[in-house]
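Colleague: Quick one, what's the 3D model for this:
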Amino acid sequence: MRQGIDLIVVSYKTPRDLRGFLDSYVDYPSTVPTSLIIMNNQPEPEDVRVVDRFVKLYQPENFIHHPSKENLFYSGAANLGVTFGDREIIGILNADTELRETTLDDLYKGFHDYPDAGVLGPLQYDEHNKVTHGGIFGTLSRPEHRGWHAKIHESYRNVAKAVTVSGSAYFIRRAVWDELHGCDVYNTTVEDPEGAFLPTSHYYEETWCSYHAQAHHYDVMYYGQAEMMHRWHTATPKGGWSDQQMPLSRIQFRQACDDHGIAHD
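Modeller: Coordinates of the predicted model:
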């Protein structure tokens, strides 16, 4: 296992967002060794051109582009993308996120400073400086989102144990990911799972991972000392196909929790 961070970026027909992420990756390089893995679900020609332009301009090292002819969904693309890397920390990102100046260095430091943390999630906000992830607290059976669409305030830059963190920017130790993926109970619930994210069509894939990590005695931490931009709901319209997947995904999530004896809402 190599030191550093594997970044798995999942894109679905949003070339403008993907270009924005890649630009931020160039603008804010990390001092930590980093590999970049682009998972392009059912790409259109422009989605591929964005990546080709990036490669031509910057000739990145430790870089993989995986265009998939079928839509693997977020969970499938993330689970497969993780297998392409070998670094100690995994970051799974929406294409509509962007790094900031010290995002990756700050998160890497967070894992060093909090050795019991299996999962970290940064503060996220949109282009209007409104919070899109300020921590998900409460309890496993009653999670509470803090600060949704509130104006950025210093109080959101705290560090605290959380119930889960946003899947749009989800960082996990590879050793924890491997343990959760190999869990006997999970492998009974999901036959031959491809990774630690629950294989839903949309939603709850990372929520399960966080709940599962806590069942294996790892902390999930909201780490507001690192921050990213996340332009929420640019990949799909509100109320569209993705949102319509929530009821079925919730059933899958609750079943996985019940099988493992984990409380849930």
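
Colleague: and the closest residue to residue 199 other than its chain neighbours, what element?
Modeller: In space, and not counting its chain neighbours, residue 199 is closest to residue 75: 5.1 Å by Cβ to Cβ, 6 or more residues apart in numbering. Where you see a C-beta, it was placed from the backbone N, CA and C, and this is true even at glycine. Assigning secondary structure by DSSP states H and E places residue 75 in helix 73-83.

Colleague: how far out from the middle of the chain is that helix?
Modeller: Mean-position distance between helix 73-83 and its chain equals 10 Å (Cα atoms, centre = their mean, to the nearest Å).

Colleague: What of stretch 58-69?
Modeller: Worked out by Cα atoms, centre = their mean, stretch 58-69 lies 18 Å from the chain centre.

Colleague: and the end-to-end length of that stretch?
Modeller: Length of stretch 58-69, first residue to last, Cα to Cα, to the nearest Å: 26 Å.

Colleague: what is the mean pLDDT for it?
Modeller: Per-residue pLDDT over stretch 58-69 has a mean of 97.

Colleague: Number of residues surrounding residue 101?
Modeller: A count of nearby residues for residue 101, using other Cβ atoms under 10 Å, gives 12.

Colleague: How much space separates the residue nearest to it when sequence neighbours are not counted from residue 86?
Modeller: Leaving aside its sequence neighbours, residue 101 sits nearest to residue 28 (Cβ to Cβ, 6+ apart; 5.0 Å). From residue 28 across to residue 86, the span is 23 Å (Cβ to Cβ, to the nearest Å).

Colleague: do you know how far the residue nearest to residue 199 is from residue 42?
Modeller: Counting by Cβ to Cβ, the gap from residue 75 to residue 42 is 15 Å.

Colleague: likewise residue 119?
Modeller: 28 Å.

Colleague: Which one of the two is surrounded by more residues?
Modeller: The neighbour count for residue 119 versus residue 42, taken as other Cβ under 10 Å, is higher for residue 119 (28 against 14).

Colleague: who's in contact with the more buried one?
Modeller: Shown in contact with residue 119 (Cβ atoms under 8 Å, 6 or more residues apart in numbering): 165, 170-173, 176, 209-210, 213, 218-221.

Colleague: Just put these in JSON lines and tack on pLDDT and distance to residue 140.
Modeller: Listed next are the contacts of residue 119 as JSON lines, based on pLDDT from 0 to 100; distance: Cβ to Cβ, whole Å:
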{"residue": "165", "pLDDT": "98", "distance to residue 140": "14"}
{"residue": "170", "pLDDT": "98", "distance to residue 140": "17"}
{"residue": "171", "pLDDT": "99", "distance to residue 140": "20"}
{"residue": "172", "pLDDT": "99", "distance to residue 140": "18"}
{"residue": "173", "pLDDT": "98", "distance to residue 140": "21"}
{"residue": "176", "pLDDT": "99", "distance to residue 140": "18"}
{"residue": "209", "pLDDT": "98", "distance to residue 140": "13"}
{"residue": "210", "pLDDT": "98", "distance to residue 140": "9"}
{"residue": "213", "pLDDT": "98", "distance to residue 140": "12"}
{"residue": "218", "pLDDT": "98", "distance to residue 140": "14"}
{"residue": "219", "pLDDT": "98", "distance to residue 140": "13"}
{"residue": "220", "pLDDT": "98", "distance to residue 140": "10"}
{"residue": "221", "pLDDT": "98", "distance to residue 140": "15"}
